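Let me see the structure of the following:
(one chain, ligands or ions: 2)
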Amino acid sequence: MYNIPTVLTADELIDKAFKRASKITQEDRNKLKRIKNTSLSRINSISNTLNSTLGKYIKSFPSLEMIPTFYYELIDILVGIDKLKRSLGAIDWCRKTIGKVEKGSVRKIKRMKSMDEILAERRKVYGRVSSLIKQVSSDLLFLNDARWKLRKMPSIDANLKTIVIAGSPNVGKSQLVKQISSGKPKVAVYPFTTQNISIGHLEDRYQKYQIVDTPGLLDREFSERNPIEKQAVLALRHLADVVIFLIDPTETCGYEMKMQLSLLRNIKKIFDNVPMIEVENKADLRKTRSRRQKISALTGEGTDVLVKKVLELMQS
Ligand SMILES: Nc1nc2c(ncn2[C@@H]2O[C@H](COP(=O)(O)OP(=O)(O)OP(=O)(O)O)[C@@H](O)[C@H]2O)c(=O)[nH]1
Ligand SMILES: [Mg+2]
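Numbering: from 1, shown residues only. Ligands and ions are numbered 1, 2, ... in the order given. Model prediction:
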C-alpha cells in the first residue's frame, strides 16, 4: 500500500554518510588549502547524505492530515499515530540540526589558518553528527517497524462497493472470501488465523465489488478488544456497504452458538445502519432449522445464491 524504503539503523546511517564522505579529496598544491577544502567537502557531503536520506524517510510516510479516516484509524491501531508523529518529528529535528552544525562549522573552517585547528573542527563535527543520529536511533527502529505494518495495509478502492465478512474466529470467513472472490486469504483450523484485513474482488456483468476479510471477533466491548479485533470493527464502521455475518452452528470453530449470537446482537446494535445478511456456514456438516441462509464455504454449496442476494442488496 505505502511503499516506504528500508529505514536504516543509526549505525548504518552513520556508516553510509561517513564512508561516502571519506572518498572525497580536494586537490591543491597548497597543503592548508587542500585540507581545508577536503574538510569542507566532506562535512558538506555528510550533511547532504543525511539530509536527503532522512528527508526521504519523512516524505515516504503518508501525510496524516490528508489520509481517509479508515487509514488514519488503522494506522493508529497498527502503529500508533502519536508515536509515529513523534518519531517523524524527531527525525526532522535531527535532519535540521545536522544542517545547522554543518553551516556553523563551514563558517569557522573557512576562517581557520592552521591545519590542526581544521582537523580538530572536522573531528568535532563528525562527533556531533554521530551523536545526533544516535539520539534518534529508537525512532529509526520504530519507523522501520512501522514500515512493515504500513506495507501490509489493504489497498481499498473508495469507488467500489464493499462487502465486509464478519463473525467469531474460525467460523470460515476466509474460506468464504476464497470461495467467492479473487482474494487468497490464509485458511486454517485455529482461531485468529486472520490477523489483518485483506481484500478480494468479485464481478458481475456490470460492476466490480470488493470483499473484505476481517479477523474474528469475540463478544466484548471495543475498549477490551485487541488490535487484531479492532481492525474488524474498523472495517465494519468505515468500509461496509453490506455485511455478511457468518455463524458456525457446528461449533467446531470453538465458540458456542450462544456466544456467536450474542456477538451478532451487539454488532447489529452498533452498526444498525448497514444492511446485514446472517449466514450459517459449514452446511456440509450441519444444517439447523433456522431461517438463515445456509452455505458451505468449503464445498461452495449455497454460495452462488448468497452472492446473488448480496449484490441485489447493494444495488437497491
Ligand atoms: N467442513 C467445513 N469446514 C469449513 C467450512 N468453512 C471453513 N471451514 C474450516 O474451518 C476452519 C476455519 O476456516 P477459516 O476460513 O480460516 O476461518 P476464519 O473465520 O477466517 O478464522 P479466523 O481468521 O481465525 O477468524 C478451517 O479449517 C476451514 O477449512 C465449511 O463450510 N465446511
Ligand atoms: Mg480468517
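
Count the residues that sit near residue 38.
If you count neighbours by other Cβ atoms under 10 Å, residue 38 ends up with 18. For every residue, glycine as well, the C-beta is placed using N, CA and C.

which helices and strands sit right next to the helix or strand in which it is found?
Under the criterion of DSSP states H and E, residue 38 resides in helix 31-60. If you count contacts as 3 or more Cβ pairs under 8 Å, 6 or more residues apart in numbering; DSSP states H and E, helix 31-60 packs onto helix 10-22, helix 81-111, helix 115-135.

Give the next helix or strand downstream of that helix.
Immediately after helix 31-60, counting by DSSP H and E, sits helix 69-78.

and the gap between the nearest residue to residue 37 once chain neighbours are set aside and residue 42?
In space, and not counting its chain neighbours, residue 37 is closest to residue 26: 3.6 Å by Cβ to Cβ, 6 or more residues apart in numbering. Distance from residue 26 to residue 42, counting by Cβ to Cβ, to the nearest Å: 9 Å.

my read: residue 187 touches residue 178, true?
Yes - between residue 187 and residue 178 there is a contact under Cβ atoms under 8 Å: 6.3 Å.

Give the burial count for the closest residue to residue 126 other than its chain neighbours, as a bare number.
Excluding the flanking residues, the one nearest residue 126 by Cβ to Cβ, 6+ apart is residue 18, at 7.0 Å. The tally of other residues near residue 18 (other Cβ under 10 Å) stands at 17.

likewise the one 5 residues further on?
Neighbour count for residue 23, taken as other Cβ under 10 Å: 8.

how does this structure divide up, domain by domain?
For the chain, the structural domains run 10-151, 161-315, going by automatic domain parsing.

between the ones you listed, which gets nearest to residue 3?
domain 10-151 (7.3 Å; Cβ to Cβ).

Work out the gap between the closest one and the centre of the chain.
Centre-to-centre, domain 10-151 and its host chain are 25 Å apart (Cα atoms, centre = their mean, to the nearest Å).

Is ligand 1 within reach of stretch 256-268?
No - using Cβ under 6 Å from any ligand atom, stretch 256-268 stays clear of ligand 1, with a minimum separation of 11.2 Å.

Ligand 1 contacts on the stretch 151-300 of the chain?
So the stretch 151-300 of the chain meets ligand 1 at 169-175, 187-189, 191-194, 215-216, 281-282, 284-285, 296-298 (Cβ under 6 Å from any ligand atom).

Report the backbone C-alpha coordinates of stretch 265-281 in PDB.
The C-alpha coordinates for stretch 265-281 follow below in PDB (Å, rounded to 0.1, in the frame of the first residue of the first chain):
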ATOM      1  CA  ARG A 265     -26.800  -8.900  18.500                       C
ATOM      2  CA  ASN A 266     -24.200  -6.500  19.700                       C
ATOM      3  CA  ILE A 267     -22.700  -5.900  16.200                       C
ATOM      4  CA  LYS A 268     -26.200  -5.300  14.900                       C
ATOM      5  CA  LYS A 269     -26.900  -2.800  17.600                       C
ATOM      6  CA  ILE A 270     -23.700  -0.800  16.900                       C
ATOM      7  CA  PHE A 271     -24.000  -1.000  13.100                       C
ATOM      8  CA  ASP A 272     -27.700  -0.700  12.700                       C
ATOM      9  CA  ASN A 273     -27.400   1.500   9.600                       C
ATOM     10  CA  VAL A 274     -25.600  -1.100   7.500                       C
ATOM     11  CA  PRO A 275     -27.600  -4.000   5.800                       C
ATOM     12  CA  MET A 276     -26.600  -7.300   7.200                       C
ATOM     13  CA  ILE A 277     -27.100 -10.800   6.000                       C
ATOM     14  CA  GLU A 278     -26.900 -13.600   8.600                       C
ATOM     15  CA  VAL A 279     -25.500 -16.800   7.200                       C
ATOM     16  CA  GLU A 280     -24.900 -20.200   8.700                       C
ATOM     17  CA  ASN A 281     -21.700 -21.800   7.400                       C
END
